[in-house]
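Student: after the sequence you'll find the predicted model.
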Number of protein chains: 2
Amino acid sequence: MNYPETLKKLIECYKKLPGIGEKSAERMALATIDLDQDILNTFSESIKTIKEKIKFCEICNNYSESDRCEICNSPSRDKHTICVVEEPKNIIMFEKIGTYNGLYHVLNGLISPLDGINPEQINIDSLLKRIENDDIKEVIFALKPSIEGETTTLYIKKMLTKSDVVVSKIAHGVPMGADIDYIDSLTLELALEDRKRVDN
Amino acid sequence: MNYPETLKKLIECYKKLPGIGEKSAERMALATIDLDQDILNTFSESIKTIKEKIKFCEICNNYSESDRCEICNSPSRDKHTICVVEEPKNIIMFEKIGTYNGLYHVLNGLISPLDGINPEQINIDSLLKRIENDDIKEVIFALKPSIEGETTTLYIKKMLTKSDVVVSKIAHGVPMGADIDYIDSLTLELALEDRKRVDN
């Protein structure tokens, strides 16, 4: 005996999500039967329409349900600063801290010649145009600390040598609450290099 | 800035599933956008119709897409043995080991006077009728080792005193591969009590 067909299909679908294995998918599928039909309808509808409803902002490539995202549309944001991120979901993380009030730019990838990703394949051109045309004073790179992240930052920085925009990148170091024993040596090296004077 | 409406709804739906918190739900919702529309259609359809498609077998209350489940319908199963379980999903576990070839009976609950669950509220009557009418030789209780599980087993056993059906229950003890140090004392007590002679 196996699961009935509908359950089997649902288990297979749940298994396509990140971090969901056979056991979790089974548990989730069985729990789905017990949800109210109202919730199941909303759930089903959201899944069906998510691809057509979630578009990308024409300015910064953030997730958006209209042509321009909430951030690009907002009159209260600082229009002279752009934070450059790899993926739309990175924006959510920065918005959660709530202290950054500038704009964003989603590259949708990082330069990686080994994987065949060249500068033309990610949203660099549109970033350069924004910097040139929109009176941008500072570009903050918030890419992951990897060879690809560094390459991308340096490449864009080079394209901006003639511009007088300030280029910065977020600090790398030991995260709050972490035990020094468990931090990788590259992070520790960066943390040591970027040490700050303690003033009294 | 928050997630667009459709994503927000989807995150809320994922959070209703067992073991899924805010972070996992967000990760799953974002990954949903990247799935193929074909998969999203199947996914959406399964969720929408699961409640109407998944019925309960009229004989044993197992999950089924027709009136009778595959197991009750199968000509190759031993029709004289019933394994009594609490929930339909327990059947899947037994079917996975593949050595049990009898029938099942799902109680859909356990007797628990403290929670207001009396014998009439779970599928005991239908079990007694099956034992009486269907020439059942053995009833194996596979309920969880708790006060409710024991109460339910003893209650049904008492109802069967006049019948000559054999009543048994699955063994409780130290699971394979477990470290004795981490086993609770009740399990250890049961394991000691039910010790088996080692023959050479």
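Tutor: Cool, got the structure.
Student: tell me if the one helix or strand A:Ile82 maps to is near chain B.
Tutor: Assigned by DSSP states H and E, A:Ile82 belongs to strand A:81-85. No: on the criterion Cβ under 8 Å from any Cβ of the partner chain, strand A:81-85 is out of touch with chain B, staying 12.2 Å away. From N, CA and C alone the C-beta is placed, and that goes for glycine too.
Student: in the sheet, which strands lie alongside that strand, parallel or antiparallel?
Tutor: In the sheet, strand A:81-85 lines up against strand A:103-106 (parallel), strand A:138-141 (parallel) (DSSP bridges).
Student: any chance of JSON lines for these, columns mean neighbour count and mean pLDDT?
Tutor: Formatted as JSON lines, the strands paired with strand A:81-85 follow (neighbours: other Cβ atoms under 10 Å in any protein chain shown; pLDDT from 0 to 100):
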{"stretch": "strand A:103-106", "mean neighbour count": "25", "mean pLDDT": "96"}
{"stretch": "strand A:138-141", "mean neighbour count": "20", "mean pLDDT": "93"}
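Student: low-confidence ranges in chain A?
Tutor: Within chain A, the ranges that satisfy pLDDT under 70 run A:1, A:200.
Student: how's it carved up into domains?
Tutor: As given by automatic domain parsing, the domain ranges for chain A are A:5-53, A:76-169, A:173-200.
Student: hang on, the earlier thing: how far does the strand holding A:Ile82 sit from the chain's center?
Tutor: With Cα atoms, centre = their mean, to the nearest Å as the basis, strand A:81-85 stands 11 Å off its chain's centre.
Student: just the residues contacting it, thanks.
Tutor: For strand A:81-85, the external contacting residues (Cβ atoms under 8 Å, 6 or more residues apart in numbering or on different chains) are A:60, A:91, A:94, A:100-107, A:127, A:130-131, A:136-143, A:156.
Student: one step back: out of the strands paired with strand A:81-85, flag the one nearest B:Arg195.
Tutor: Smallest distance to B:Arg195 across these (Cβ to Cβ): 64.4 Å, for strand A:103-106.
Student: quick one: work out the angle between whichever helix or strand comes after that closest one and strand A:81-85.
Tutor: Once the chain leaves strand A:103-106, the next helix or strand it forms, by DSSP H and E, is helix A:124-133. Helix A:124-133 runs at 170 degrees relative to strand A:81-85, counting by axes from the mean of the first three to the mean of the last three Cα atoms, to 10 degrees.
Student: so which bits of helix A:124-133 are buried?
Tutor: By 16 or more other Cβ atoms under 10 Å in any protein chain shown, the buried positions in helix A:124-133 come out as A:Ile124, A:Ser126, A:Leu127, A:Arg130, A:Ile131.
Student: what does that helix contact?
Tutor: If you take Cβ under 8 Å, 6+ apart as the criterion, helix A:124-133 is touched by A:59, A:61, A:82, A:84, A:105, A:107, A:136, A:139, A:155-156, A:159-160, A:163, A:165.
Student: list only those of these flagged as buried.
Tutor: Burial of the contacts of helix A:124-133 was assessed by neighbour count (16+ other Cβ under 10 Å); the buried members are A:Ile59, A:Asn61, A:Ile82, A:Val84, A:His105, A:Leu107, A:Ile136, A:Val139, A:Ile156, A:Leu160, A:Val165.
Student: you'd agree the first one is up against A:Ser66?
Tutor: No: in this structure, A:Ile59 sits apart from A:Ser66 without contact. The criterion is Cβ atoms under 8 Å, and the distance is 11.6 Å.
Student: overlap in contacts of the two?
Tutor: When Cβ under 8 Å, 6+ apart defines a contact, no residue borders A:Ile59 and A:Ser66 alike.
Student: now the strands for chain A?
Tutor: Using DSSP state E, the strands found in chain A span residues A:55-56, A:63-64, A:81-85, A:103-106, A:138-141, A:166-169.
Student: distance to B:Ala191 for those strands - can I get that in TSV?
Tutor: Shown next, in TSV, are these (distance: least, Cβ to Cβ, whole Å):
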stretch	distance to B:Ala191
strand A:55-56	59
strand A:63-64	54
strand A:81-85	55
strand A:103-106	58
strand A:138-141	60
strand A:166-169	59
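Student: which among those strands is found nearest to B:Ile11?
Tutor: strand A:63-64 (12.4 Å).
Student: and that closest one with chain B, contact?
Tutor: Yes: Strand A:63-64 comes into contact with chain B (Cβ under 8 Å from any Cβ), by way of A:Tyr63, A:Ser64.
Student: what is that strand packed up against?
Tutor: Where contact means 3 or more Cβ pairs under 8 Å, 6 or more residues apart in numbering or on different chains; DSSP states H and E, strand A:63-64 is packed against strand A:55-56.
Student: what residues does the strand it packs on touch?
Tutor: For strand A:55-56, contacts defined as Cβ under 8 Å, 6+ apart pick out A:Asn62, A:Tyr63, A:Ser64, A:Glu65, A:Ser66, A:Asp67, A:Pro88, A:Val106.
Student: now that we have those residues, which one has the most neighbours?
Tutor: Neighbour counts for the contacts of strand A:55-56 peak at A:Asn62, which has 27 neighbours (criterion: other Cβ atoms under 10 Å in any protein chain shown).
Student: contacts only, for the residue minimising distance to the centre of chain A.
Tutor: Geometric centre of chain A, nearest residue: A:Asn90, 2.6 Å, by Cα atoms, centre = their mean. Counting by Cβ under 8 Å, 6+ apart, A:Asn90 makes contact with A:Val106, A:Ala142.
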